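Colleague: Quick one, what's the 3D model for this:
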Amino acid sequence: MRTGEPLPAVGEVLTALATGLWHWDTATELVTVDAEAARLLGLPAVQTTLTEARARARLHPVDWNEIIAVVGLAVTEGTLAEVRIRIMDEHGRVIRVVRSRSKPSFDPGKKSFQLIGTLQEVAEPTPGTPAGRSAVTGDWRRSREAFLLDAGRALAEARSTEEVLRVAAGLSMPGFSPDGLAVFGVQGDRLTITGHHGAQPGDDGPFSHMSLDTDYPAAEVVRTGRAVYISTPEQYRSRYPVTWPLASSFGRHSWAFLPLTVAGRTMGAWMAAFAYPVTFNPDERSVLTTVARMLAQALSRAGVAETERALTDGLQRSMMPTLGPQIPGMSVTARYVPTGGGLQVGGDWYDMIPLPGGTPSGGGRIALVIGDVQGHDVRAAGLMGQLRIALRAYASEGHRPDAVLSRASRFLHGMTDGAPEDDAHSDLRFATCLYVEADPATGTLDIARAGHPDPAIRMADGTVMARPTAGGLPLGIDPDADYPTTRITLEAGETMLVCTDGLIETGGHDLESGWQRIRTILEEHKGDLEELADALVQGVHGPSSHHTTGPLADRREDDIAVLLLSRPEEGYGEALFLPPPVRRTMLSVAQAEPERVAVARQQLRELLHDWPSPDQVDSAVLLVSEMLTNVLVHTDADALLLAEVRGETGNRRMRIQVNDTSDALPHKRRPGELASSGRGLILIELLADAWGVDPQGEGKSIWFELYESGGSAEPPDGSGPA
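Modeller: So this is what the prediction gives:
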């Protein structure tokens with residue numbers, strides 16, 4: 001062709017270049033191909049119109065799906081759709097590989113695509129070569145999708161800024177992996193470096209605290225919110241001559257600076273630098289843009305999480321008091337583990353309060369408080385802090401346990417009641433609480449309980465018993481509620497456990513199954529008080545707890561607060577030259593509380609849990625029931641049960657006595673066959689190894705003894721029966 005002659009037709013040029021032309025309209029589902037395109041598809045070399053199904057039959061199924069994805073991406077980005085396609089014959093064999101380049105358009109009215117493109121036979125690219133990195137589908141696109149899935153999963157699992165940066169530094173992008181990364185943040189009008197990879201320590205100095213007005217790509221990205229792609233050092237030098245000397249020392253050839261945008265706000269910039277030239281074609285830009293979006297979301301989540309952790313840790317430290325100095329004659333330890341809700345602090349708390357008349361270091365009385373405010377939100381934490389302060393104030397005024405809880409209930413009710421209905425904080429809240437006033441000198445504990453779990457006592461030999469105490473409604477429900485006080489004595493070598501329900505119910509347990517788990521830990525532990533507290537928390541919240549799940553399908557999680565109070569064994573009994581009681585339990589049964597007879601029977605069975613003779617245990621339970629019932633029926637007084645087990649295993653003595661304030665002594669009767677009463681003393685005489693009635697200054701005490709040696713008439717200490 002000579003200069004000045006008209007150009008040949010486009011079809012002739014394409015035919016000369018062995019390039020076919022095709023047109024695809026998804027609205028009509030027809031594909032029109034010229035003669036060369038038909039030949040490349042394995043059809044007769046004539047122009048023809050194919051149905052979409054017939055054209056699809058000539059393409060590899062995987063590549064057809066690639067075409068659909070590439071077309072959608074090209075329409076979104078406004079770029080060319082470039083794909084490699086394997087052509088199949090009638091027998092499903094690949095006869096050639098062609099490359100298609102097309103410009104797709106979308107018709108919103110018809111909701112269809114129209115594509116006009118070319119087909120040209122090509123060879124498969126060699127992996128790792130520039131051709132393998134450049135275009136655009138096949139294995140490269142599948143690798144890109146797998147990479148984005150893995151990167152998204154790793155960034156979503158990162159919980160701190162450090163973890164996010166570590167994940168970002170380890171990203172290996174398919175076909176074009178950067179060897180230098182940096183994350184820039186914004187502080188005021190300054191650019192800061194949050195983290196970097198691929199540079200030596202100190203290399204980031206010139207870029208730290210750089211003004212946003214600086215002629216630097218990252219600063220421009222933050223100012224404009226638009227990405228900057230620099231393919232060659234010459235482009236960098238011409239566009240940013242002021243900061244080029246800073247970047248030239250790293251020896252990089254291409255750079256991509258992308259905005260880190262969350263909720264429409266640019267929070268920083270991300271730099272990816274390459275040691276080889278990168279053209280940043282549409283697919284490469286798509287990968288970088290997607291990674292930048294995921295990185296921004298991950299950094300935002302990590303920043304919020306770190307702020308919340310710092311806030312809640314500070315709140316927890318301010319609200320969880322230290323137990324102070326050691327108490328002469330007693331030892332105290334505590335644990336708090338936040339496990340429920342989204343915050344690291346909830347409504348559980350504990351406290352130790354010096355009472356008027358002395359300080360813990362001086363041997364005065366102290367108060368131990370443990371409680372749980374309803375809920376696991378910020379309001380629950382706030383109410384917990386206020387209620388703890390109120391309880392400390394009431395206790396410091398010298399009020400008795402019942403008065404302290406009554407005032408606290410009125411205080412909490414006043415805070416949560418009476419607010420306007422449209423107030424977001426007008427919901428009623430209640431709190432469970434256990435208040436213990438302890439006298440270290442005598443071991444006396446005065447306990448008032450407001451809907452809280454009962455305390456448990458671990459005796460000197462490891463026997464564990466729940467100690468029922470009188471109680472009232474949870475705090476905040478009734479401003480006029482009463483909270484009766486129960487007095488128990490903590491003997492030498494005994495430990496009292498008080499806890500919130502999180503220790504019992506965590507892991508899908510209810511109160512019954514959870515208590516059995518706690519009881520086993522208490523009975524089997526051999527360490528000191530600190531080790532016991534750790535063992536309790538580990539047993540319900542550590543890895544081993546996952547093997548002891550409870551009967552409930554929903555593995556309940558709740559905050560855990562634990563208080564342990566013990567009296568050491570040193571020096572006990574030296575003044576009296578008597579061996580200490582191995583076990584002892586005490587229980588009062590009022591005239592108006594006949595149901596506590598059943599509680600007494602249960603307490604006795606727990607006390608005798610390892611007694612070798614079941615018949616003797618049944619006899620003791622029967623006799624206790626008879627003695628308590630006689631007091632309630634035949635007198636107007638209350639009954640006090642005291643049960644003790646003394647001696648070494650195999651030669652122990654069980655002594656049980658019931659005291660009342662009536663002077664009327666029991667008399668043996670001879671009831672008729674159909675009589676409903678009058679057999680109490682007969683049963684005691686038949687079943688007990690020894691028994692008796694002791695008059696006291698006011699009232700009397702009736703008692704009996706059973707011997708582990710099998711019913712010998714002589715007790716283990718050699719003294720005869722009364």
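
Colleague: how about the strands in the stretch 301-450 of the chain?
Modeller: 331-337, 348-354, 366-373, 431-439, 444-450 (DSSP state E, counting those that start in this stretch).

Colleague: May I see the ones you listed organised as CSV, with mean neighbour count added?
Modeller: Placement of C-beta: from N, CA and C, glycine included. As requested, the strands of the stretch 301-450 of the chain are exported to CSV (neighbours: other Cβ atoms under 10 Å):
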stretch, mean neighbour count
strand 331-337, 19
strand 348-354, 24
strand 366-373, 25
strand 431-439, 25
strand 444-450, 23
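
Colleague: just checking, what's the longest helix in the protein?
Modeller: Secondary structure of the chain per DSSP state H: the longest helix is helix 282-319.

Colleague: What's the mean pLDDT across that helix?
Modeller: Across helix 282-319, pLDDT averages out at 77.

Colleague: Show me which parts of that helix are buried, residue by residue.
Modeller: 282-288, 290-303, 312, 315-316, 319 (16 or more other Cβ atoms under 10 Å).

Colleague: can you state the direction angle for that helix and strand 348-354?
Modeller: Interaxial angle, helix 282-319 versus strand 348-354 (axes from the mean of the first three to the mean of the last three Cα atoms, to 10 degrees): 30 degrees.

Colleague: relative orientation of helix 282-319 and strand 331-337 in degrees?
Modeller: Using the same axes, to 10 degrees: helix 282-319 against strand 331-337 is 150 degrees.

Colleague: And helix 282-319, what does it pack against?
Modeller: If you count contacts as 3 or more Cβ pairs under 8 Å, 6 or more residues apart in numbering; DSSP states H and E, helix 282-319 packs onto helix 61-77, helix 139-157, helix 161-169, strand 254-262, strand 265-274, helix 378-396.

Colleague: would you turn those into JSON lines with mean neighbour count and mean pLDDT?
Modeller: Formatted as JSON lines, these follow (neighbours: other Cβ atoms under 10 Å; pLDDT from 0 to 100):
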{"stretch": "helix 61-77", "mean neighbour count": "16", "mean pLDDT": "75"}
{"stretch": "helix 139-157", "mean neighbour count": "15", "mean pLDDT": "69"}
{"stretch": "helix 161-169", "mean neighbour count": "19", "mean pLDDT": "77"}
{"stretch": "strand 254-262", "mean neighbour count": "23", "mean pLDDT": "90"}
{"stretch": "strand 265-274", "mean neighbour count": "22", "mean pLDDT": "88"}
{"stretch": "helix 378-396", "mean neighbour count": "20", "mean pLDDT": "85"}
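
Colleague: export these to JSON lines and tack on distance to residue 621?
Modeller: Below are the helices and strands packed on helix 282-319 laid out as JSON lines (distance: least, Cβ to Cβ, whole Å):
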{"stretch": "helix 61-77", "distance to residue 621": "77"}
{"stretch": "helix 139-157", "distance to residue 621": "57"}
{"stretch": "helix 161-169", "distance to residue 621": "60"}
{"stretch": "strand 254-262", "distance to residue 621": "68"}
{"stretch": "strand 265-274", "distance to residue 621": "71"}
{"stretch": "helix 378-396", "distance to residue 621": "39"}
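
Colleague: Backbone dihedrals for residue 595, please?
Modeller: phi -70, psi -20 (degrees, to the nearest 10).

Colleague: Spit out the contact partners of residue 481.
Modeller: Applying Cβ atoms under 8 Å, 6 or more residues apart in numbering to residue 481 gives the contacts 406, 409, 450, 472, 473.

Colleague: Output the top strand by length along the chain as PDB, nothing but the C-alphas.
Modeller: In terms of residue count, the longest strand belonging to the chain (DSSP state E) is strand 94-107. This file holds the C-alpha atoms of strand 94-107, laid out as PDB (Å, rounded to 0.1, in the frame of the first residue of the first chain):
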ATOM      1  CA  VAL A  94      -9.200 -28.300  24.000                       C
ATOM      2  CA  ILE A  95      -8.300 -27.400  20.400                       C
ATOM      3  CA  ARG A  96      -6.800 -23.900  21.000                       C
ATOM      4  CA  VAL A  97      -6.600 -21.000  23.400                       C
ATOM      5  CA  VAL A  98      -7.800 -17.600  22.300                       C
ATOM      6  CA  ARG A  99      -7.700 -14.100  23.900                       C
ATOM      7  CA  SER A 100     -10.800 -11.900  23.800                       C
ATOM      8  CA  ARG A 101     -10.700  -8.200  24.200                       C
ATOM      9  CA  SER A 102     -14.100  -6.300  24.400                       C
ATOM     10  CA  LYS A 103     -15.700  -3.200  25.600                       C
ATOM     11  CA  PRO A 104     -18.900  -4.100  27.400                       C
ATOM     12  CA  SER A 105     -21.800  -1.700  28.000                       C
ATOM     13  CA  PHE A 106     -24.800  -2.100  30.200                       C
ATOM     14  CA  ASP A 107     -28.400  -1.000  29.300                       C
END
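
Colleague: Rounded mean pLDDT for the strand or helix carrying residue 681, please.
Modeller: Here residue 681 sits within helix 680-687, counting by DSSP states H and E. The average pLDDT within helix 680-687 is 82.

Colleague: Point out the other helices and strands that it packs with.
Modeller: So helix 680-687, by 3+ Cβ pairs under 8 Å, 6+ apart, packs with helix 614-634.

Colleague: Name the surrounding residues that touch the helix it packs on.
Modeller: 589, 591, 594, 597, 600-601, 604-605, 608, 611, 637-639, 641, 643, 654, 656, 658, 660, 662, 664, 666, 677, 679-680, 683-684, 687-688, 702, 704, 706, 708.

Colleague: now do stretch 408-418
Modeller: Stretch 408-418 has contacts (Cβ under 8 Å, 6+ apart) with 383, 386-387, 390-391, 394, 426-431, 433, 450, 473, 475-481, 483.

Colleague: Equivalent analysis for stretch 387-395, please.
Modeller: With Cβ under 8 Å, 6+ apart as the test, stretch 387-395 has contacts from 319, 349, 351, 353, 355, 367, 369, 371, 373, 403-404, 407-408, 411-412, 431, 433, 435, 475.

Colleague: likewise stretch 437-446?
Modeller: Here stretch 437-446 makes contact (Cβ under 8 Å, 6+ apart) with 327-330, 355, 363, 365-368, 400-401, 436, 447, 485-492, 496, 565, 567.

Colleague: tally of neighbours for residue 695?
Modeller: 10 (other Cβ atoms under 10 Å).

Colleague: my bad, residue 53
Modeller: Counted with other Cβ under 10 Å, residue 53 comes out at 9.

Colleague: In contact with it, which residues?
Modeller: residue 29.

Colleague: what's the closest non-adjacent residue to residue 373?
Modeller: residue 347 (3.1 Å; Cβ to Cβ, 6 or more residues apart in numbering).

Colleague: I am finished for the moment; much appreciated.
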